[in-house]
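>>> Here is a sequence with its predicted model. Questions after.
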Amino acid sequence: MPDFEYPGPGAKVAAVTAGSPAHRAQMIAGDIIVAIDGEEVEDFEDIRKRIMLVPDEPMVITVERDGTEIEIPLVT
């Protein structure tokens, strides 16, 4: 679940639903999604559009967590 008040760039994760793709990928609240497959994202809408283009396909999500960028493999 996104933090809609986060001004960007990127999208801040406000909460992670148990059993969701984000949960299975071990994302946590507070992560800031900054890229998908190496391409920068501006906001949650940008992320939603990119995920809809390739449903059920593996991708790499880059998140900023505690000031460090981490690459997380994810299948939506």
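Happy to help now that I have it. Source: prediction; values computed, not measured.
>>> per-residue pLDDT, residue 40?
pLDDT recorded at residue 40 is 95.
>>> which ones are touching it?
Residues in contact with residue 40, defined by CB atoms under 8 Å, 6 or more residues apart in numbering, are 9, 10, 34. Yep, even glycine has a C-beta here, placed from its N, CA and C like the rest.
>>> Which neighbours in the sheet does the strand or helix carrying residue 35 have, and how are they oriented?
Element membership for residue 35, per DSSP states H and E: strand 32-36. With DSSP bridges as the test, strand 32-36 is paired with strand 11-12 (antiparallel), strand 39-40 (antiparallel), strand 58-65 (antiparallel).
>>> What residue, apart from its backbone neighbours, is nearest the residue most central in space within the chain spatially?
Centroid check for the chain by CA atoms, centre = their mean gives residue 33 as the closest residue, at 4.1 Å. Leaving out its chain neighbours, the residue that sits closest to residue 33 by CB to CB, 6 or more residues apart in numbering is residue 11, at 4.8 Å.
>>> Check which helices and strands the longest helix seen in the chain sits against.
Scanning the chain for the helix with the most residues, using DSSP state H, yields helix 44-53. Helices and strands touching helix 44-53, by 3 or more CB pairs under 8 Å, 6 or more residues apart in numbering; DSSP states H and E, are strand 11-12, strand 32-36.
>>> From the contacts of residue 40, list just the buried residues.
Neighbour counting by 16 or more other CB atoms under 10 Å classes 10, 34 among the contacts of residue 40 as buried.
>>> Let me have the contacts of residue 40 in a markdown table, extended by pLDDT and distance to residue 48.
As requested, these are exported to a markdown table (pLDDT from 0 to 100; distance: CB to CB, whole Å):
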| residue | pLDDT | distance to residue 48 |
| --- | --- | --- |
| 9 | 89 | 15 |
| 10 | 92 | 13 |
| 34 | 96 | 15 |
